[in-house]
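[1] pasting the sequence and the predicted model now:
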Amino acid sequence: MRPREKRKKSWFSWFNFLLIAIIVYFSSILISHQIYLSQVNEDQAAAEARLAAAQEEHDKLVKEKDDLSRLDYIEKIAREQLGMTRRGELPYNPGKSVEGK
């Protein structure tokens with residue numbers, strides 16, 4: 001009987017090719033999922049910022065709604081924004097300053 005001849009192994013084999021293809025495939029899936037998750041995290045941070053701004057605006061509007069039920073606040077708004085006065089009072093408008101005079 002002849003001793004078995006050792007075959008020269010080359011680095012290319014179908015097993016190695018298949019193994020590399022599987023590694024590349026799963027690596028690309030992993031990278032795409034990481035990119036997707038980072039985008040989701042950015043979107044979540046932006047949504048939380050919008051939520052905080054909306055909550056702040058809501059709180060401000062609720063406070064203003066509560067203030068509008070008070071007579072002293074209504075009087076203050078009428079005096080400041082509408083220029084209204086009580087009977088017997090004279091309105092005071094400081095006027096615009098003119099430079100050079």
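    Done, it's in. Predicted, not measured: the structure shown is a model, and the values here were computed from it. Residues are numbered from 1 along each chain as shown.

[2] sec struct for Gly88, please.
    coil (DSSP: H, G, I helix; E, B strand; the rest coil).

[3] distance of it from Glu80?
    19 Å (Cβ to Cβ, to the nearest Å). (Each C-beta comes from the backbone N, C-alpha and C, glycine too.)

[4] neighbour count for those two, which is higher?
    Under the criterion of other Cβ atoms under 10 Å, the comparison of Gly88 against Glu80 puts Glu80 first, with 9 against 5.

[5] report pLDDT for the more buried one.
    Per-residue pLDDT puts Glu80 at 82.

[6] secondary structure element for it?
    helix 71-82 (DSSP states H and E).

[7] chain center to that helix: distance?
    In terms of Cα atoms, centre = their mean, to the nearest Å, the centre of helix 71-82 is found 37 Å from the chain centre.

[8] neighbouring contacts of that helix?
    Contacts to helix 71-82, defined as Cβ atoms under 8 Å, 6 or more residues apart in numbering, come from residues 67-68, 84-85.

[9] would you format these as CSV with distance to Gln44, neighbour count and secondary structure included?
    Formatted as CSV, the contacts of helix 71-82 follow (distance: Cβ to Cβ, whole Å; neighbours: other Cβ atoms under 10 Å; DSSP: H, G, I helix; E, B strand; the rest coil):
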residue, distance to Gln44, neighbour count, secondary structure
Asp67, 35, 13, helix
Leu68, 36, 10, coil
Met84, 48, 12, coil
Thr85, 53, 12, coil
